[in-house]
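[1] Model the following, please.
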Amino acid sequence: VLNLAGVQRDDGNASLEAMQLQQMDSCGSALALVQALAALGWNHPPKVWLCTHEAQHIDGDPSALQLSQHALWGLGRVISMEHAELNPVRIDLSLNANGTLDVLDLDLLLRELLASDGEDQITLRRGVRHVARLETGSNPRTVRFVPSGLSTLGRFTTVTSSSDAAGSPAVLRATPGLNF
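    So this is what the prediction gives:
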C-alpha cells in the first residue's frame, strides 16, 4: 500500500499553522491507513510505503528541507516498531520546481515497489538511491572528552590513534552536549 499523502510541496514560507495542518494531513492519513490494516487482521498483511518530500538532507541546500515532513518520517519509525508485520518503508522523494516527480526518481520508486531488498529508509534524488548505512571508516578515530580550564563542561576532541584495537568501534561524528 503506497501512501503519498506526505508528498506535499510548500513554498518554504509556510506559517506554523500551515505546517501543523500539513503534518496532521500526512500523519493522519498514515495513522488511519495503519489502523485500518491492523483492524483487518490479515495473516499476511500488505507492505506499507510512506512517501515524504525532502524530509532527508542528502545534498544541495539544507534550507530546501521540508520540516513538516519530519513528523511522518518519525511516525514511520514508530509504525515499524509497533506494527512490524506491515514492513513499513519510508521513501523520501524530491520534486521538481513545477511540483512533479523527476522521471529518474519515478523509475526508482517503481523499482522499490516491485522488488525490495529489505531497506526501510530510502531517499531518491535525481536518479540516485540512498539508504541509511553506517560504514567502517578507513581511519580509526577515538573521541575523548577533554576538560577545558576551570569549566566543568569541556569539549570533545577527535584523536587519531594507531594503537586502537582492530575492529573497535569508531565514532564518526561527535557533537558536544549536556545530559542532565
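
[2] Just after the longest helix anywhere in the chain, pick out the following helix or strand.
    For the chain, the helix with the greatest residue count under DSSP state H is helix 16-40. Counting by DSSP states H and E, the element after helix 16-40 in chain order, helix or strand, is strand 49-53.

[3] which residues are contacting that following strand?
    Strand 49-53 has contacts (CB atoms under 8 Å, 6 or more residues apart in numbering) with 1-4, 6-9, 26, 30, 66, 69, 72-73, 75-76, 79, 88-95, 109, 112-113. Where C-beta positions appear, they are placed from N, C-alpha and C, glycine not excepted.

[4] mean confidence for the helix or strand following that strand?
    Of the helices and strands lying after strand 49-53 in sequence (DSSP H and E), the nearest is helix 70-82. For helix 70-82, mean pLDDT is 91.

[5] Report all helices and strands that helix 70-82 contacts.
    helix 16-40, strand 49-53, strand 89-93 (3 or more CB pairs under 8 Å, 6 or more residues apart in numbering; DSSP states H and E).

[6] now the longest one against strand 49-53, angle please.
    For helix 16-40 against strand 49-53, the angle between stretch directions is 170 degrees (axes from the mean of the first three to the mean of the last three CA atoms, to 10 degrees).

[7] between the helices and strands packed on helix 70-82, which one is nearest to residue 117?
    Across those, residue 117 has its closest neighbour in strand 89-93 (10.4 Å, CB to CB).
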